[in-house]
Every structure is written in C-alpha cells, then in structure tokens.
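**Q** sequence plus the predicted model coming up.
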Amino acid sequence: MSGVNRVPLIAGNWKMHTTYDEAVSLAEAYRERLAQLEGVECALIPPYPWIVPLAEKLEGSTLVLGAQNCATIDQGALTGEVSARMLAPFCRYVIVGHSERRHQLGESDEMVAAKLQAAVRNGLSPILCVGELLAERDQGLAERVVERQLGSALEALEAAHLTRLVIAYEPVWAIGTGRPATPSDAQAIAACIREWIAQRFGSDLAATVRIQYGGSVNAGNAADFLQLPDIDGALVGGASLDVEQFCEIVRVARELARATNWSTAQN
Ligand SMILES: O=C[C@H](O)COP(=O)(O)O
C-alpha cells in the first residue's frame, strides 16, 4: 500500500465452492466479524445463485458483493450466461478475465475486453485479472504477457472509468498451489502495470487505480503483499472460504491502512 489515497480492497473469490447453507453461514460470519472495516473495503464474490440471497443477508452491512464473471452483452439469446445488467442491482464488483476462465474455458482477450466494457457500461467495477503462465515467466515474458492483456482489455476504456477499475495481478502458477509469487516479483509487475496505465492515461489517473495481488494469499503471507507500494489489496481464493484466515487477512489490511494513513498525515 502506498501513501496515495487508495482504499485497499480485500476480495474473497469463492469460485465454484459452497452449498447454499455454507454460503449463508460464511456471509453471516463475515457480517458479524467484519463489521469494522476502517479504511479497507471488503467484497465477497460467491457463485451466481447465492448473489441475490446474500445481498439480502448483507443489507446494511459494510460488506459488498461481487460476481465471478459476466456476459459480453447485456441481454439476448445466450443460454447460460448472466449479464452485467442483471448483476448490477446486487453487486459492486465483477471479476473479468480470471485465468481459470482464460485457460480452462478458452476465454479470449477479445471476450475479456467486451466483458470489461459490459461491466463499466452497467456501472459495475471490473476486477480485471492479468497474469502469466509458469512457462511464460520462465522465458522472461511475464511483463510482456501482462502488458498484452492490459492493452487488449483496456484499449477501448474511457479515462472516466479508470477510477472504478481494479486490476488483479494473479500469476497463474501461484493460484491454488500454495506457492505465491515473491513479494519483489509481485511489486515489480504491479509497478509495471501502473507504469503502463500512466503511459496511456497519465500518471494522475494511474495513481488512482487499485492493483491487487492474487495467488495463494493466506493469513500468514498477506502482510508481505499488502505492504508493497503498488499493491492495494488481495484477491483471495481458497483462504476466503476459511473464516479465521479471511478475517485475519482483512485485519492485516486494516492495520497497514491505519499505519499508512497515520504516516501520510504526518507528512
Ligand atoms: O481469485 C482468486 C485467485 O485465483 C487466487 O486463488 P487462491 O487464493 O486459491 O490461490
């Protein structure tokens, strides 16, 4: 986290996990345990069917909801898809371009760009996921892959929508493996993302964009990432299904945000 006023976002992506009862019990636990966020934003990102019931359960709480995906268009004959327009009354965020969709379901850069446009068109904040495969990192291509993903997704984005954008750097090889990126590698890519945005949209706007790290974040390593100057939160998978782990990650983010705000106020 930097001295710039970017509110860190801790988002829990539940992926294709939880029964209805488990989802309700997680949401109720988080509602109770995360009532005091103090300078941190916290989003729960459950599977589609739980979004509406959880929106009711979380009404009036500090927690917000996100969706894991959206369609490229707002309505039409597209069996099985859910549009950003349908999600907008219930969600603040929507993940676009998660690597599980890019690599397991064949989602192209073009589809990711269309989904990002659909999200902003409907007033949602997209969490754009970018990140390289292990082979690409081994070949020294990590930055180039991330820049290609950014270029394609953000090509048509208007500067006015930039403040709503969140970018999650998720190296594919770090997801669900228990083997996170090193903090210095995460910071290097996050800085490269911010520089890329600055080149295209100007450094003032680039300074407002929140960049998360995702990939095997847990209670034990969260501080290593959340204290980095260009990292403004975490996209948490497995650990967001564990109440103790996720609450501890949010607590760490809160402590760091408090320390950052204090040191900014002193300068
Ligand atoms: O969306 C979340 C990421 O894919 C990270 O998942 P993970 O924390 O289980 O590695």
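**A** Structure's in. What do you need?

**Q** quick one: pLDDT of the residue in the stretch 1-150 of the chain that the ligand sits nearest to?
**A** Among all residues of the stretch 1-150 of the chain, Asn13 sits closest to the ligand, at 3.5 Å; criterion: CB to the nearest ligand atom. Yep, even glycine has a C-beta here, placed from its N, CA and C like the rest. As predicted, Asn13 sits at a pLDDT of 98.

**Q** go on, Met1?
**A** pLDDT recorded at Met1 is 57.

**Q** try Ser263
**A** With respect to pLDDT, Ser263 has a value of 63.

**Q** next one: Glu244
**A** 98.

**Q** just checking, it touches Ala219?
**A** Yes: the pair Glu244 / Ala219 is scored as a contact, 7.2 Å apart, by CB atoms under 8 Å.

**Q** buried residues in stretch 242-255?
**A** Using 16 or more other CB atoms under 10 Å as the test for burial, stretch 242-255 gives 242-243, 245-255.

**Q** that older thread, wait, isn't the residue of the stretch 1-150 of the chain closest to the ligand in contact with Asn69?
**A** No: Asn13 lies out of contact with Asn69 (CB under 8 Å); the separation is 10.6 Å.

**Q** the more surrounded of the two?
**A** Comparing Asn13 with Asn69 by neighbour count (other CB atoms under 10 Å), the higher total belongs to Asn13, at 25 against 20.

**Q** apart from its chain neighbours, what residue comes closest to that one?
**A** Ile45 (4.6 Å; CB to CB, 6 or more residues apart in numbering).

**Q** next one: Ala239
**A** Nearest residue to Ala239, sequence neighbours excluded (CB to CB, 6+ apart): Gln245, at 4.1 Å.

**Q** just to be sure, the one you found is in a helix?
**A** Yes: counting by DSSP: H, G, I helix; E, B strand; the rest coil, Gln245 is found in a helix.

**Q** so what's it up against?
**A** By CB atoms under 8 Å, 6 or more residues apart in numbering, the contact set of Gln245 is Asn218, Ala219, Ala239.

**Q** would JSON lines of those with secondary structure, pLDDT and neighbour count be doable?
**A** Shown next, in JSON lines, are the contacts of Gln245 (DSSP: H, G, I helix; E, B strand; the rest coil; pLDDT from 0 to 100; neighbours: other CB atoms under 10 Å):
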{"residue": "Asn218", "secondary structure": "coil", "pLDDT": "98", "neighbour count": "17"}
{"residue": "Ala219", "secondary structure": "coil", "pLDDT": "98", "neighbour count": "18"}
{"residue": "Ala239", "secondary structure": "helix", "pLDDT": "98", "neighbour count": "20"}
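
**Q** can you count the residues close to Cys192?
**A** Neighbour count of Cys192, defined by other CB under 10 Å: 18.

**Q** cool, and Ala156?
**A** A count of nearby residues for Ala156, using other CB under 10 Å, gives 11.

**Q** just the element for it, please.
**A** Assigned by DSSP states H and E, Ala156 belongs to neither a helix nor a strand.

**Q** how about the contacts made by it?
**A** Ala113, Gln117.

**Q** which bits of the protein sit near the ligand?
**A** Within reach of the ligand by CB under 6 Å from any ligand atom, the chain has these residues: 13, 170, 175-176, 214-217, 235-239.

**Q** what are the boundaries of the strands in the stretch 51-200 of the chain?
**A** Applying DSSP state E, counting those that start in this stretch to the stretch 51-200 of the chain gives strands spanning 64-67, 93-96, 125-130, 166-169.

**Q** tell me the helices and strands packed up against the third one.
**A** Right, the one you point to is strand 125-130. In this structure, strand 125-130 makes packing contacts with strand 93-96, helix 109-121, helix 142-154, strand 166-169, judged by 3 or more CB pairs under 8 Å, 6 or more residues apart in numbering; DSSP states H and E.
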